[in-house]
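Peer 1: Could you work out the structure for the sequence below:
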Amino acid sequence: MDTIGANLQAVRWRIANAAKACGRNPEDIGLIAVSKTFGADAVAAARAHEQHAFGENYAQEALAKIAAAGDPALEWHFIGPIQSNKTRMIAEHFDWVHSIDRLKIAQRLSAARPAGLAPLQVCIEVNIGAERGKSGVASGEALALARAVAGLPRLKLRGLMAIPPVSPDDAQQRRYFAQLRQLKDAIVSAGVALDTLSMGMSDDLEAAIAEGATLVRVGTAIFGPRQKTLATENTEDAEKPVES
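Peer 2: Model prediction:
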């Protein structure tokens, strides 16, 4: 578990250097440690090194870790595709949801968010590479969805999220991130307030930061190679995994 602390330090160094390289303040970029498939001990190890925000893809797996952590100071981000029958548990236990791509899901999250909790912070996931079979709303439909989500009572629309196609071409990778930033700017110009760009992972966080990322989602570079999880094998919780 000491390795997690060293890895966190290395990732924070990368974020700081990437920010400085493009004239940004490193403090304006949040780090989400993607702990999916890793146990509560890994979360505790990261928490011991001042990591407070954690990302999860599988609702049932995440709830066990949230309960084990028992720490209200931690911030939990749901970043995977959302099944309709998981909206209540997500609305009741998470602080953020990054992967809204349908109004129906947003409406269910809003209806299920307990009145005693702060509004659920949400991002709209955009299929920025127009990949067939991949989660996310089409770029051309993002404004309409943003307007609808912004009007829901128990949600707070914060921004956009994307997982671009993997490309060995750094310039192409940056273009995808630039397209998401430009889409955010266009939505803001249309009158919908947004302040968040959730983009960038272990292999491409520098490119994402150069194009305006405010949250980066890093798993492998912190926790190591993914472990198998019961959630991926349980047909009752078969959310499609998303690499982070």
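Peer 1: C-alpha from now on. contacts and neighbour counts both.
Peer 2: OK.
Peer 1: Relative to Ala10, how far out is Leu155?
Peer 2: Noted for Leu155: a distance of 34 Å to Ala10, by CA to CA, to the nearest Å.
Peer 1: where does the protein dip in pLDDT?
Peer 2: 1, 227-244 (pLDDT under 70).
Peer 1: which residues in it form helices?
Peer 2: Under the criterion DSSP state H, the chain contains helices at 2-21, 40-47, 59-69, 87-93, 103-112, 142-150, 170-189, 205-210, 220-223, 230-233.
Peer 1: Please save the CA atoms from the fourth one in PDB.
Peer 2: The C-alpha trace of helix 87-93 is given here as PDB (Å, rounded to 0.1, in the frame of the first residue of the first chain):
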ATOM      1  CA  THR A  87     -30.300   5.300 -10.000                       C
ATOM      2  CA  ARG A  88     -31.700   5.200  -6.400                       C
ATOM      3  CA  MET A  89     -28.600   3.800  -4.800                       C
ATOM      4  CA  ILE A  90     -26.400   6.200  -6.800                       C
ATOM      5  CA  ALA A  91     -28.600   9.200  -5.900                       C
ATOM      6  CA  GLU A  92     -28.500   8.300  -2.200                       C
ATOM      7  CA  HIS A  93     -24.800   7.600  -1.800                       C
END
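Peer 1: Check which residues of that helix are buried.
Peer 2: The neighbour-count check on helix 87-93 (16 or more other CA atoms under 10 Å) flags 87-91, 93 as buried.
Peer 1: Next, count neighbours for the closest residue in space to His98 that isn't next to it in sequence.
Peer 2: Leaving aside its chain neighbours, His98 sits nearest to Cys123 (4.5 Å; criterion: CA to CA, 6 or more residues apart in numbering). Residues lying near Cys123 (other CA atoms under 10 Å) number 28.
Peer 1: which residues touch Cys123?
Peer 2: By CA atoms under 8 Å, 6 or more residues apart in numbering, Cys123 lies in contact with 97-100, 157-161, 196, 198.
Peer 1: wait, isn't Gly159 in contact with Thr196?
Peer 2: Yes. With contact defined as CA atoms under 8 Å, Gly159 reaches Thr196; the gap is 4.3 Å.
Peer 1: Name the residue in Leu155 and Ala10 with the higher neighbour count.
Peer 2: Neighbour totals were compared for Leu155 and Ala10, and Leu155 leads with 24 against 14 (other CA under 10 Å).
Peer 1: follow-up on the earlier one: could you measure the residue nearest to His98 against Arg12, distance?
Peer 2: Distance, Cys123 to Arg12, by CA to CA: 23 Å.
Peer 1: for Val97, same thing?
Peer 2: Distance of Val97 to Arg12, given as CA to CA: 23 Å.
Peer 1: The two: which is more packed in?
Peer 2: Neighbour comparison, Val97 and Arg12: the larger count goes to Val97, with 29 against 16 (by other CA under 10 Å).
Peer 1: Could you give the bridge partners of that one?
Peer 2: Phe78, Val122 (DSSP bridges).
Peer 1: State the distance from Asn7 to Gln51.
Peer 2: Per CA to CA, Asn7 is found 12 Å from Gln51.
Peer 1: these two touch, right, Ser84 and Ile105?
Peer 2: Yes. If you go by CA under 8 Å, Ser84 and Ile105 touch, sitting 6.4 Å apart.
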